[in-house]
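S.K.: requesting a structural model of the entry that follows:
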Amino acid sequence: MSENLPDVGDTIPDVAMEGADGTSVKPSDFRGQKLVVFFYPKDMTPGCTTENIDFSAAKDGFAAAGTALLGVSKDPYARHEKFIAKHDLTVPLASDPEENGLSDALGIWTEKSMYGKKFMGMVRTTYLVDAEGKIAQVWRKVKVKGHVDEVLAAAQAL
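M.R.: Have a look, this model is predicted:
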């Protein structure tokens with residue numbers, strides 16, 4: 001990671017995103033409790049669907065550990081609503097702004113390449129944030145299988 005990007009021990013940037021019903025949601029809204037913010041590339045895709053279903057299934061475990069959950073992608077909130085309804089998701093989702101969003105501030109909205117074609121995309125990344133807003137742990141380039149269990153264990157230990 002670049003030295004100027006937030007990492008473990010730093011305060012997570014407090015960038016507003018669009019939440020349910022057009023409300024604003026930002027990391028500081030969760031101060032006083034732990035927070036898991038998981039960034040994923042796109043609603044309705046296989047890995048992202050599995051990740052959101054897994055976090056939804058573990059929501060009670062995170063709540064018992066005093067940890068809120070927030071899923072984030074660049075998809076517009078209207079698409080999140082369809083995604084939530086289609087898969088009965090229980091984890092709140094936020095729509096990160098197109099430019100200068102939280103994923104930009106964290107350096108995880110970046111240039112990717114597939115079949116020789118370059119494009120901007122979200123690097124699947126999860127942040128565990130302590131009750132004071134400091135980044136406690138980061139999982140980069142997440143592989144979905146088993147990920148939620150690992151994050152839950154870390155939240156319980158924090």
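
S.K.: residue 49 should be in a helix, yeah?
M.R.: Yes. Looking at residue 49 with DSSP: H, G, I helix; E, B strand; the rest coil, it is inside a helix.

S.K.: now tell me what touches stretch 99-119 from outside.
M.R.: Stretch 99-119 is contacted from outside by 1-2, 5-6, 12-13, 15, 17, 26-27, 37, 39, 72, 74, 96, 120-123, 125, 127, 140, using C-beta atoms under 8 Å, 6 or more residues apart in numbering. Yep, even glycine has a C-beta here, placed from its N, CA and C like the rest.

S.K.: buried residues, it. List them.
M.R.: 101-106, 108-109 (16 or more other C-beta atoms under 10 Å).

S.K.: which one among these gets closest to residue 50?
M.R.: residue 108 (19.1 Å; C-beta to C-beta).

S.K.: now render the buried residues of stretch 99-119 as JSON lines, adding pLDDT.
M.R.: Formatted as JSON lines, those follow (pLDDT from 0 to 100):
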{"residue": "101", "pLDDT": "95"}
{"residue": "102", "pLDDT": "97"}
{"residue": "103", "pLDDT": "96"}
{"residue": "104", "pLDDT": "95"}
{"residue": "105", "pLDDT": "95"}
{"residue": "106", "pLDDT": "96"}
{"residue": "108", "pLDDT": "95"}
{"residue": "109", "pLDDT": "94"}
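
S.K.: what's the closest of those residues to residue 150?
M.R.: residue 108 (18.2 Å).

S.K.: neighbours of residue 32, just the number please.
M.R.: By other C-beta atoms under 10 Å, 11 other residues sit near residue 32.

S.K.: residues in contact with it?
M.R.: Counted by C-beta under 8 Å, 6+ apart, residue 32 has contacts residue 131.

S.K.: give me the element it is part of.
M.R.: Of the helices and strands defined by DSSP states H and E, none includes residue 32.

S.K.: distance of it from residue 109?
M.R.: 28 Å (C-beta to C-beta, to the nearest Å).

S.K.: which residue is nearest the middle of this structure?
M.R.: Taking C-alpha atoms, centre = their mean, the centroid of the chain lies closest to residue 38, which sits 2.0 Å from it.

S.K.: that one touches residue 55, doesn't it?
M.R.: Yes. At 6.5 Å, residue 38 counts as touching residue 55 under the criterion of C-beta atoms under 8 Å.

S.K.: having no further points to raise, I will conclude here.
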